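Student: I'd like to go over a predicted model; first the sequence, then the structure.
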Amino acid sequence: MAALRERSPAAPPGTATAAGATTEGGRRSPAEEAEGLAETFTTAITDPRVRALPLGGSIDQLTASDEVLTDPARCRALTRAALGL
């Protein structure tokens with residue numbers, strides 16, 4: 001993940017090696033890397049309408065229901081409800 005973040009135009013140079021908690025090998029844990037990656041990309045969002053949206057994941061993180069996942073209208077409805085849109 002650090003290499004991906006370093007290659008991103010949204011990431012300032014050195015972001016991947018920023019100080020933080022480390023594992024025994026001196027590297028950040030995968031969870032810390034993921035958190036840093038998410039922060040890097042969310043801070044790069046410049047559109048105020050996009051920045052105003054609540055943080056969230058995909059519909060798959062909200063439900064495993066085939067009845068929802070195979071119906072676009074239900075997917076949109078659940079997403080809107082979960083994100084307060």
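Tutor: Arrived safely.
Student: now for the helix ranked longest in the chain, which elements pack on it?
Tutor: Looking only at the chain and at elements set by DSSP state H, the helix with the highest residue count is helix 30-43. The criterion is 3 or more Cβ pairs under 8 Å, 6 or more residues apart in numbering; DSSP states H and E, and the helices and strands that helix 30-43 contacts are helix 2-7. No exception for glycine: its C-beta is placed from N, CA and C like everyone else's.
Student: residues near Thr40, how many?
Tutor: By the other Cβ atoms under 10 Å criterion, the neighbourhood of Thr40 contains 20 residues.
Student: so which bits of the longest helix of the chain are buried?
Tutor: Using 16 or more other Cβ atoms under 10 Å as the test for burial, helix 30-43 gives 33, 36-37, 40.
Student: tell me the two of these that are most distant?
Tutor: The most widely separated members of the buried residues of helix 30-43, counting by Cβ to Cβ, are Glu33 and Thr40 (10.4 Å).
Student: residues in contact with the residue lying closest to Thr79 once chain neighbours are set aside?
Tutor: Excluding the flanking residues, the one nearest Thr79 by Cβ to Cβ, 6 or more residues apart in numbering is Ile59, at 5.8 Å. Contact analysis of Ile59 by Cβ atoms under 8 Å, 6 or more residues apart in numbering lists 68-69, 75, 78-79.
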